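Engineer: Sequence below, structure please.
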Amino acid sequence: QAHLVESGGGLVQAGGSLRLSCAASTYTFSSYAMAWFRQTPAKERKFVAAISSSGGSTGYADSVKGRFTISRDNAKNAVYLQMSSLKPEDTAVYYCAAVVTRIGSTWYQAPPAYEDWGQGTQVTVSS
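Structural biologist: Residues are numbered from 1 along each chain as shown. The predicted structure is shown next:
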């Protein structure tokens with residue numbers, strides 16, 4: 001099981017950038033596929049981006065393609081989400097998620113596929 005802690009959220013103007021970080025406390029971080037989800041009040045948690053355990057495969061929601069980049073550093077047990085050209089509709093609580101995968105190229109879009117979750121970090125984009 002991985003203990004996940006997100007950081008880097010905050011308030012930014014539309015068009016600006018933020019970099020979210022997720023630190024994982026586990027001895028086997030390189031076995032985990034990682035993902036970012038976001039959630040607004042009264043709405044379900046939605047997929048943002050994911051990266052395979054090897055880092056060689058990534059996926060993005062259509063709404064963030066070309067603006068967000070997910071990456072990981074297995075030596076630091078960390079995953080990142082670089083967010084650029086932010087829009088007010090990107091405002092949400094962002095969650096980091098992790099799941100052990102047997103195949104290095106695997107990642108998932110569905111929240112139930114992930115076993116471990118962070119506490120979330122608020123991102124607010126002002127217009």
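Engineer: and the end-to-end length of stretch 102-119?
Structural biologist: 26 Å (Cα to Cα, to the nearest Å).
Engineer: For it, which residues meet the burial criterion?
Structural biologist: 107-108, 111, 113-114, 116-118 (16 or more other Cβ atoms under 10 Å). For the C-beta atoms, the positions are set from N, CA and C on the backbone; glycine is no exception.
Engineer: who does S71 bridge with?
Structural biologist: For S71, the beta-bridge partners are Y80 (DSSP bridges).
Engineer: returning to that earlier point: which member of the buried residues of stretch 102-119 is positioned nearest R38?
Structural biologist: P111 (10.9 Å; Cβ to Cβ).
Engineer: isn't the closest one right up against V48?
Structural biologist: No - using Cβ atoms under 8 Å, P111 is not in contact with V48; the gap is 11.1 Å.
Engineer: what's around V93, how many residues?
Structural biologist: Neighbourhood size, V93 [other Cβ atoms under 10 Å]: 18.
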